[in-house]
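Asker: pasting the structure only:
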């Protein structure tokens, strides 16, 4: 009876976390989807389209920096305060800042609102990882985080399709932002009322943690005694820093496509603005398929399975990015759309391991939020380049230059995955990665 009751509540928990974090993307992808419309509005007020693109790219980069800072300094508070609280704070704050952005009249308030939005959203993922550590045994981390990770992939894809539909039916970008905020508010209420912090709230025992976690016996303690208690074991682990390096490279690629795919599809491939918004879903959609397959196979390949998959996937993604950079404008819709989806398939699977199942293996119930926050935070330091830097490269060298630069990043990331694999084969401690 307890096993059946647990399975039901685990299903409810995954569903709430899935829908909740998918909802975050309504108030994150709205900026990317609306970029062509916002560029047009700024151009109508006297700014050149190229300058508007660079200025909005800078807004993106500053906001990603705020998100990274939040990952370092706010995400880990879930280890002390609890995952549900962090999860709801991120959601509620995002609603307020999205509404503020929709009411803004120019770049200064755009910048302030988007920085605030990304800063509060930085608490959400780590809060969700903390809740997962309190509901699932280490033997099912991969399956649980694989299912939950689909929230930011299929959720992102669905959000882009939904907002593309709105734009296609005449909604302006401000209305799109307001609909996104209203929808997330409904999801917020559902999580506030139904989501539970841990198994103990339904009268069941805490789950087991990975015995190879970096905190040893303390990994089973949900609340750390101090910040030093959290940070020292993580910082001493070479595998942890290799995972951070992988997060840096994969986040740069992912954030570039999340931000600029609608603009690339509109300006280069030739889709209308509404079509570009909808078709940009191909990147997270193919990525979601990758997460399912990667999670399934990594569990079966045993030690070194995740790092081996990361190595081959990132190596192949560098070739796909090179091919994308070699295309010429006016060559049709099919091939560039396929290649964007292929990059999503090859990059998102490895990316999903890093701040999810790997962070849980490193941190257990003790430091999973902090582990996830640091891994993600380092990644988003790379993601900062996805805004302003990629915008400048694309203006100066075209999208060819931008994609070739990303091909180099993917190639270097595959090298980091190879180092992780070698380390895992040499020492049992690395199996936690």
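Answerer: That came through fine. Since we're looking at a predicted model, the values are computed, not measured. Residues are numbered from 1 along each chain as shown.
Asker: Tell me where the protein is predicted with low confidence.
Answerer: 1, 298-299, 302-303, 329-331, 424-433 (pLDDT under 70).
Asker: Tell me which stretches of it form strands.
Answerer: With strands called from DSSP state E, the chain shows none.
Asker: Just want the most central residue of it.
Answerer: Residue closest to the mean C-alpha point of the chain, counted by CA atoms, centre = their mean, is residue 152 at 6.3 Å.
Asker: So that residue is in contact with residue 287, correct?
Answerer: No: using CB atoms under 8 Å, residue 152 makes no contact with residue 287, being 9.0 Å away. C-beta here means a position set from N, CA and C on the backbone, and glycine is covered the same way.
Asker: before we move on, back to that, okay, the residue nearest to the centre of the chain and residue 224: tell me how far apart.
Answerer: 27 Å (CB to CB, to the nearest Å).
Asker: Repeat that for residue 21.
Answerer: 24 Å.
Asker: quick one, which of those two is more surrounded?
Answerer: Neighbours were tallied for residue 21 and for residue 224 using other CB atoms under 10 Å; the higher tally belongs to residue 21 (26 against 21).
Asker: Grab the nearest non-local neighbour of the more buried one.
Answerer: residue 151 (4.0 Å; CB to CB, 6 or more residues apart in numbering).
Asker: Over to residue 252?
Answerer: Nearest non-adjacent residue to residue 252 (CB to CB, 6+ apart): residue 382, at 3.9 Å.
Asker: now do residue 136
Answerer: Nearest to residue 136 is residue 144, by CB to CB, 6+ apart, at 4.4 Å.
Asker: hang on, the earlier thing: the residue nearest to residue 252 and residue 246 touch, don't they?
Answerer: No: applying CB under 8 Å, one finds residue 382 not in contact with residue 246, separated by 10.2 Å.
Asker: Compare the two (neighbour count), which wins?
Answerer: Legend: neighbour count by other CB under 10 Å for residue 382 and residue 246, higher for residue 246 (30 against 23).
Asker: give the contact list for the closest residue to that one other than its chain neighbours.
Answerer: Counting by CB to CB, 6+ apart, residue 246 lies nearest to residue 416, which is 5.0 Å off, once chain neighbours are set aside. When contacts are counted by CB atoms under 8 Å, 6 or more residues apart in numbering, residue 416 touches 242, 245, 246, 249.
Asker: Kindly report the same for residue 62.
Answerer: 111, 114, 115, 387 are the contacts of residue 62 under CB under 8 Å, 6+ apart.
Asker: Which ones among these map onto helices?
Answerer: Using DSSP state H, 111, 114, 115 are the members of the contacts of residue 62 that sit in helices.
Asker: Just the closest of these to residue 165, please.
Answerer: Nearest to residue 165 among the ones in helices among the contacts of residue 62, counting by CB to CB, is residue 114 at 23.2 Å.
Asker: Could you find the closest non-adjacent residue to that closest one?
Answerer: residue 63 is the one closest to residue 114 (CB to CB, 6+ apart), at 4.4 Å.
Asker: now swap in residue 148 and tell me
Answerer: Using CB to CB, 6+ apart, the nearest residue to residue 148 is residue 17, at 5.4 Å.
Asker: who's in contact with the one you found?
Answerer: Going by CB under 8 Å, 6+ apart, the list of residues near residue 17 reads 87, 128, 131, 132, 148, 151, 195.
Asker: can you check residue 238 too?
Answerer: With the criterion set at CB under 8 Å, 6+ apart, residue 238 makes contact with residue 423.
Asker: what about it, distance to residue 218?
Answerer: Residue 238 is 20 Å from residue 218, by CB to CB.
Asker: Equivalent analysis for residue 305, please.
Answerer: 27 Å.
Asker: got the contact list for the residue nearest to residue 178 when sequence neighbours are not counted?
Answerer: Spatial nearest neighbour of residue 178, excluding adjacent residues (CB to CB, 6+ apart): residue 102 at 5.1 Å. The neighbours of residue 102, taking CB under 8 Å, 6+ apart as the test, are 174, 175, 177, 178, 181.
Asker: Buried ones among those?
Answerer: 174, 177, 178, 181 (16 or more other CB atoms under 10 Å).
Asker: From the residues you listed, pick the one nearest residue 232.
Answerer: Using CB to CB, residue 181 is the member of those that sits closest to residue 232, with 40.5 Å.
Asker: now the helices for the stretch 251-400 of the chain?
Answerer: Remark: helices assigned in the stretch 251-400 of the chain by DSSP state H, counting those that start in this stretch are 273-279, 282-301, 305-326, 334-354, 357-383, 388-426.
Asker: what's the most buried one of the ones you listed?
Answerer: Highest mean neighbour count of the helices of the stretch 251-400 of the chain: helix 357-383, a mean of 29 (counted as mean count of other CB atoms under 10 Å).
Asker: for that helix, packing partners?
Answerer: helix 49-73, helix 78-81, helix 124-135, helix 141-168, helix 227-235, helix 238-264, helix 334-354 (3 or more CB pairs under 8 Å, 6 or more residues apart in numbering; DSSP states H and E).
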